[in-house]
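Enquirer: Got a sequence here, can you model it:
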Amino acid sequence: MRKTIIALAGALLLAGLMSSGQGHPSVSHAAESGRMGAIAEPGLSTDGATLNQRISDWIGRLAEHEEFAAWKQAEYQVYPLGPGMHGWLVLLTKGAEDVGYLVVSATETGEPILSEYGTGSQSLFSMNTLYSSLVQHELIPSSVLPEQFEQWDRISIDRYYIHPMLAVWKVGISGEPNRYVDAKTGQILTIGDDEWRAQLSKFQNDPTAGIAGSVRQPQPSVSAAEAFDPYYRIVWITHEPLDVSNPKQLLDWFADNVKMTYVSEWYDEAYLVPVALTGYQIWDGITTYVGFDQEGNRYVPFETLSRYGSFYEN
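Expert: Below you'll find the model as predicted:
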């Protein structure tokens, strides 16, 4: 199958996410308040109050550092990822602007775990990015306004988060085949239900990496490289990947000012997704989250990235 390179551009709009239309309500509250309704679901060993406290702790500890300073006094909403994903999207907003997000998953034992987090005004699973993409591709009429989008009776929307590089909206529109949309960039993927089901079957039960405890302490994030265009030098097509077996190797290359590109392949190599590595953040001196640029900084555990892609010297 001919390889297609996903464009990394998406619509940049400043507003909050809406409910996914799955019949699962979101939960809204202030980051400092610690108040939230029950959000636990089957497979999670932690009750809603404890999960809320865990989320608040993670946000508070990150907000102590400069890159996440906008998270102070921010409000956040919790949205289910599913169906059957046993995870949540936590969207932080300040005023009318998105300022970041977290993804919380459940381990095999039901322990909540911080699967990834990020900054910027175009969050993962931004309903506004999805809306803009569907209007641009004339899949919904522009007469359906953003504030009416969620309630439009001809559309159904589900969030799916298999792993950080395979997060999509599944969009059903009356009279149309299902569409699959990249959850960060808004790219309409040229796949159908069969390809999606194959990916879901292949990866859905993979283990989840990340920190689990609420008492974890992040060190300040390290900006090790300026964001760059990974398409400027496509060494990730012409060269072999780096032999990387542990995060210390990446940190050593960062220290030597080596520019690196991370590439993930989806759908039997039909899509390649290259992103520029920009830095890292270490929690408790143990767990390394690697930062990369994709419409804002995203931080994902090294173990997750190494499982689903390769690193290249740029």
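
Enquirer: Was I right to think Tyr161 contacts Lys170?
Expert: No - look at Tyr161 against Lys170 with CB atoms under 8 Å: they stay out of range, at 11.4 Å. Quick note: C-beta positions are derived from backbone N, CA and C, even for glycine.

Enquirer: Looking at the two, which has the bigger crowd around it?
Expert: The neighbour comparison of Tyr161 against Lys170 (other CB atoms under 10 Å) goes to Tyr161, with 22 against 17.

Enquirer: For that one, give its distance to Thr129.
Expert: Distance of Tyr161 to Thr129, computed by CB to CB, to the nearest Å: 15 Å.

Enquirer: Same check on Asn246?
Expert: Counting by CB to CB, the gap from Asn246 to Thr129 is 34 Å.

Enquirer: so His163 touches Leu305, yeah?
Expert: No - at 9.4 Å, His163 and Leu305 do not qualify as touching, with contact defined as CB under 8 Å.

Enquirer: Looking at the two, which one has more neighbours?
Expert: Ranked by neighbour count (other CB under 10 Å), His163 and Leu305 place Leu305 first, with 27 against 22.

Enquirer: Same question for the helix or strand containing the more buried one: list its buried residues.
Expert: Assessed by DSSP states H and E, Leu305 sits inside helix 302-308. Neighbour counts over helix 302-308 (16 or more other CB atoms under 10 Å) mark Phe302, Glu303, Thr304, Leu305, Ser306, Tyr308 as buried.

Enquirer: And stretch 185-197, by the same measure?
Expert: Thr185, Gly186, Gln187, Ile188, Leu189, Ile191, Glu195, Trp196.

Enquirer: Sort out for me which of those are in helices.
Expert: In this view, these that belong to helices under DSSP state H are Glu195, Trp196.

Enquirer: Between the buried residues of stretch 185-197, which sits nearest Thr288?
Expert: Thr185 (24.9 Å; CB to CB).

Enquirer: what's the spacing between that closest one and Tyr262?
Expert: Distance from Thr185 to Tyr262, by CB to CB: 15 Å.

Enquirer: Below-threshold pLDDT in this protein: ranges please.
Expert: 1-47, 83-85, 204-205, 207-208, 213-215, 268-269 (pLDDT under 70).

Enquirer: in the protein, which spans are helices?
Expert: Taking DSSP H, the helices of the chain run over residues 48-63, 127-136, 146-149, 193-203, 235-238, 247-255, 302-308.

Enquirer: Mind giving me the packing neighbours of the first one?
Expert: With contacts defined as 3 or more CB pairs under 8 Å, 6 or more residues apart in numbering; DSSP states H and E, the packing partners of helix 48-63 are strand 75-81, strand 87-94, strand 97-106, strand 112-119.

Enquirer: possible to save the ones you listed as TSV with mean neighbour count and distance to Glu176?
Expert: Listed next are those as TSV, based on neighbours: other CB atoms under 10 Å; distance: least, CB to CB, whole Å:
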stretch	mean neighbour count	distance to Glu176
strand 75-81	23	24
strand 87-94	24	25
strand 97-106	24	28
strand 112-119	24	31
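
Enquirer: Minimum distance to Gly285: which of those strands has it?
Expert: Of the helices and strands packed on helix 48-63, nearest to Gly285 by CB to CB is strand 112-119, at 16.2 Å.

Enquirer: Could you pull up the contacting residues of Ala227?
Expert: Ala227 is in contact with Ala276, Thr278, Asp293, counting by CB atoms under 8 Å, 6 or more residues apart in numbering.

Enquirer: any idea how far it lies from Glu67?
Expert: Taking CB to CB, one finds Ala227 at 13 Å from Glu67.

Enquirer: what does Pro274 give?
Expert: Taking CB to CB, one finds Pro274 at 23 Å from Glu67.

Enquirer: Comparing these two, which residue is more hemmed in?
Expert: More neighbours surround Pro274 than the other of Pro274 and Glu67, with 23 against 19 (other CB under 10 Å).

Enquirer: So in terms of bridging, what pairs with the more buried one?
Expert: Beta bridges link Pro274 to Val263, judged by DSSP bridges.

Enquirer: For Lys184, see how far away it is.
Expert: According to CB to CB, Pro274 and Lys184 sit 13 Å apart.

Enquirer: got the end-to-end distance for stretch 137-157?
Expert: 17 Å (CA to CA, to the nearest Å).

Enquirer: Just checking the distance from it to the centre of its chain.
Expert: Relative to its parent chain, stretch 137-157 has a centroid offset of 23 Å by CA atoms, centre = their mean, to the nearest Å.

Enquirer: residues of it that come out buried?
Expert: Ile140, Val144, Phe149, Trp152, Ile155, Ile157.

Enquirer: quick one: which two of those are the most distant?
Expert: Counting by CB to CB, the most remote pair of the buried residues of stretch 137-157 is Val144 and Ile157, 13.0 Å apart.

Enquirer: center of the chain - which residue?
Expert: Centroid-nearest residue in the chain, with CA atoms, centre = their mean: Leu124, separated by 4.7 Å.
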